[in-house]
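Engineer: 3D model of this:
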Amino acid sequence: MTTNNNNNNNSVTINDTIIQTMETTSSTAAAAATTTTTTTTAKGKELITMNYSILSMRKMKESTIQEHFSKVYQENRIHAMKWLFYIRDCRKRNGQGKEGERRLFRSCFNYVIKEHLEVAKIVLPLIPDYGRWDDILSFMQSPLEDDVVALIKNQLEKDKRNMKMNNRKNAISLCAKWMPSVNTSSKETKKLAHQLIQKLKMTERQYRKTLSTLRSYLKIVEVDLSAKKWNNIDYSIVPFKANFKYQKAFLKHDEERRIAYLTKIKEEEEEEKVAEKMFKLLPHEIVHEYQTNTTDSKVKRNNRLELLWKNLFHKEEMDGNNGNGYTICITDNSQRMLKDKVSKAITCMEIAHAFTLYFSERFSGPHFKNHYITFNSNPHFIDLKTCTNLKEKLEFLHSYQFEENCNLEEVYHLILKHAMDHHLGREELPSTLLLLSNNIFDQKISIGNKSEKPTKAFFETMKIKFEAMGYTLPKLIVWNLQGDESNTTTTPTIPIIENDMGISYINGFTSEISNMILSNTFDVYDHLLKQLNTKRYQAIEDALIKEILLTKHPSHPKSFF
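Structural biologist: Here you go, the predicted structure:
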C-alpha cells in the first residue's frame, strides 16, 4: 500500500535534467533570500482585529468592548451589525465555542442602543433567531424596554395559538423556556419576572400558567432525559447536535427505538435529509468519535459514523468545486501528535488524520487520489485506495508512525518525479501542500541532508525546477495544530499569515480555521466576509436596507446610521 522511493537518487536525476537552467538562475535566487516577515491585510482592519480578539474580550470591561466595537461600526456599519449576530449565533460553530458570545454580543448591542437607537429597534426582533430570548430580556432596562415587552407579548400569544392548533409544522418558539420564573431562589430573577408581569399586564397566576403550559408543550429533549421519559422522545425532531450528544444515552435506555430510528435514516430516501443536518459537522468530530473506540490500532466499525463521513462529501459536491480537489497532505504521525491536544478531548493526531483522509478522498485526479505524504526525512506516498471505508483507513493510519523531521526538499522532488514518471499534465498536480503538525515550522522542517532551514532562495529554486518541467510549484500551507504557546490572549492572534517566501502559516485550531481550510479561503478578511454574506445573516442586512429605503432616510441613507 506504500510507494517508497529512494528520493536521494531521484533528486539527482531531476537535477541533471534541469542543471543548465539552475546554473543560470541560482545566484539570482540566492540573492532573493530575506528574513521571514508576515503580512496582514489593511482591509477591514478593525473588524479583523476585534474578531480575533474575542477570547481576550471576555475579560474586558463593557466600556472597553464598546470602544472597540464603535471603531468596527464606523469602518462598515452593515458588516458590524452582521458580525454582531454572527458572533452571537448559538446555532453554528463560530470558532470560539458552541454557544455563541453572549456577553460580548450584549455589550456591543448596548452600544448600538446608546448611539444608534433606530438601528437597535430594527434588528431587535431578529435576536432570538441567532441567540436566545433571555438576550432580549437583558435589554429591559434600556430605551428599548417597550419594544422588548411588545416582542415577548406577541411571541407568547403566537405560541399559544400554535399550541392550540397542535400542528408541529407551526412549532412554537423557545420564548417561554427563557422567561424568568417567579418561583426561583434568585432575587434578581424574581424581580425581573415581576417587572415583566406588570408590563405584560398579566397576573402572576396567568404568567405562571402560560409559561408552564408552553414549556410542557415544547417537550424539550433535556426535560425528557432528566425525567427518563424515553418513549416521549421523537428522534426525528430532536436537533441534530442533541442527537449526536446524547447518542450513548439513547442507545443505553431506548435501544430498540433508537436502532429503529438509525436504521430508518440509512434508507436511501432519507439520505438527503440526513446530509442536510450533517452540514454542521466537521471531519475531526467524526474521526474523534471513531478514535474513542480505538484499542491497539483496532477500530470498531460504526455504520452511523460511516454514514456521517459519507455525507460530508455530499455537502462538498453540492457546494461546488472550491479548489480542495487539488490538495494533498504531508502528515505528521509521530507519538507526540497522539499526546498533544487542541482541547480537552481532541488530539492533534485526530485532526491530522481527519483532514488527511478528507483531502485524499477529495483529490480530483487518479494519480494523487487516496494518497498522502509521510512526514519524515525520506518522504514517500502512502496509498489508501485498498481501504474501503473510514474504519479501515483510520486503522491503517495508526499503523504508520514516524519520529523524524520532514525534509521538504525531498517532498517536492517526490511530487516532481511522480509527475514526470507518469507524464502528468500541469493541471493534474496538487496545487496545495497542507502540512499538518504540532510544532512551529522551523522546529521540524529541513531541506537537504544538512538539516538546513527553508529559505526564500530554496523556494525560488524549487519553483524553477517545477517550471523547467512545465509545472507549477504547489503552494505550501503549514498548519501548527497546537498553536504557538508563546502567544497570549491579550493581543489578537490572526490565524493565517503569509510570509515573503509565499508560505501560509496557520496557527492553532478552531472550528473557524477548519472551515477556512475546507472552503479553500486563506485571506482572513475574505473568509469572514464570506461567512457574514451567507444566507444565514442576510436577514440583518435586508432589515436595515429596507428600513433605510422605505421609511427613514431614503434620500440620505448614511445619516440613518
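
Engineer: Quick one: distance of stretch 110-128 to the chain centre.
Structural biologist: Offset of stretch 110-128 from its chain centre (Cα atoms, centre = their mean, to the nearest Å): 28 Å.

Engineer: Make 58 the starting number, not 1.
Structural biologist: In the new count, where the first residue is 58, that last one comes out as stretch 167-185.

Engineer: could you give me the average pLDDT of that stretch?
Structural biologist: In this model, stretch 167-185 has a mean pLDDT of 96.

Engineer: what sits up against it?
Structural biologist: Residues outside stretch 167-185 that contact it (Cβ atoms under 8 Å, 6 or more residues apart in numbering): 119, 123, 126-127, 130, 134, 138, 141-142, 145, 166, 192-193, 196, 199-201, 204-205, 208, 212, 230-232, 596-597, 600-601, 604, 609, 617-618. For the C-beta atoms, the positions are set from N, CA and C on the backbone; glycine is no exception.

Engineer: what about burial for those, which qualify?
Structural biologist: Using 16 or more other Cβ atoms under 10 Å as the burial test, the contacts of stretch 167-185 include 123, 126-127, 130, 134, 138, 141-142, 145, 166, 192-193, 196, 201, 204-205, 208, 212, 230-232, 596-597, 600-601, 604, 609, 617-618 as buried.

Engineer: Pull the contacting residues for the closest residue in space to Leu253 that isn't next to it in sequence.
Structural biologist: Nearest in space to Leu253, with sequence neighbours left out and distances taken as Cβ to Cβ, 6 or more residues apart in numbering, is Pro237 at 6.6 Å. Residues near Pro237 by Cβ under 8 Å, 6+ apart: Leu194, Thr246, Lys247, Leu249, Ala250, Leu253.

Engineer: Swap in 7 Å and give it another go.
Structural biologist: Contacts for Pro237 (Cβ atoms under 7 Å, 6 or more residues apart in numbering) come out as Leu194, Thr246, Leu249, Ala250, Leu253.

Engineer: Hmm, Leu161 is touching Phe142, no?
Structural biologist: No: using Cβ atoms under 7 Å, Leu161 is not in contact with Phe142, being 11.8 Å away.

Engineer: circling back to that earlier point, can you tell me which of the contacts of Pro237 comes closest to Ser421?
Structural biologist: Leu194 (51.1 Å; Cβ to Cβ).

Engineer: Check the burial of the closest one by counting its neighbours.
Structural biologist: Other residues lying near Leu194 total 20 when counted by other Cβ atoms under 10 Å.

Engineer: Enumerate every residue touching it.
Structural biologist: Neighbours of Leu194 in contact, by Cβ under 7 Å, 6+ apart: Pro237, Leu249.

Engineer: where's it relative to Thr443, distance?
Structural biologist: Distance, Leu194 to Thr443, by Cβ to Cβ, to the nearest Å: 58 Å.

Engineer: same question, Gly422
Structural biologist: 18 Å.

Engineer: before we move on, what about Val180?
Structural biologist: For Val180 relative to Thr443 (Cβ to Cβ), the value is 54 Å.

Engineer: do Leu365 as well
Structural biologist: 23 Å.

Engineer: domain assignment for the protein?
Structural biologist: 102-284, 288-332, 338-539 (the TED database).

Engineer: could you dump the ones you listed to JSON lines with distance to Met558?
Structural biologist: Output for those, formatted as JSON lines (distance: least, Cβ to Cβ, whole Å):
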{"stretch": "domain 102-284", "distance to Met558": "23"}
{"stretch": "domain 288-332", "distance to Met558": "40"}
{"stretch": "domain 338-539", "distance to Met558": "5"}
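
Engineer: looking at the ones you listed, which is closest to Phe579?
Structural biologist: Once these are compared by Cβ to Cβ, domain 338-539 is nearest, at 7.1 Å.

Engineer: So for the closest one, mean pLDDT?
Structural biologist: Here the average pLDDT along domain 338-539 is 84.

Engineer: From the chain's centre, how far out is it? Work that out for me.
Structural biologist: 19 Å.

Engineer: One more: stretch 192-211?
Structural biologist: The answer for stretch 192-211 is 32 Å, by Cα atoms, centre = their mean.

Engineer: Check the separation of the first and last residues in that stretch.
Structural biologist: 16 Å (Cα to Cα, to the nearest Å).

Engineer: Rounded mean pLDDT for that stretch, please.
Structural biologist: Rounded mean pLDDT across stretch 192-211 is 96.

Engineer: how much space between the nearest residue to Lys398 once chain neighbours are set aside and Asp311?
Structural biologist: Excluding the flanking residues, the one nearest Lys398 by Cβ to Cβ, 6+ apart is Thr404, at 5.2 Å. Going from Thr404 to Asp311 by Cβ to Cβ gives 31 Å.

Engineer: So between those two, which is more surrounded?
Structural biologist: For Thr404 versus Asp311, neighbours defined as other Cβ under 10 Å are more numerous around Thr404 (22 against 17).

Engineer: Settle this for me: the more buried one is touching Ser391, isn't it.
Structural biologist: No: counting by Cβ under 7 Å, Thr404 does not reach Ser391; the two are 11.9 Å apart.

Engineer: just checking, what packs against the host helix or strand of Val129?
Structural biologist: Applying DSSP states H and E as the criterion places Val129 in helix 119-132. Counting contacts by 3 or more Cβ pairs under 7 Å, 6 or more residues apart in numbering; DSSP states H and E, helix 119-132 is packed against helix 102-108, helix 134-145, helix 159-172.
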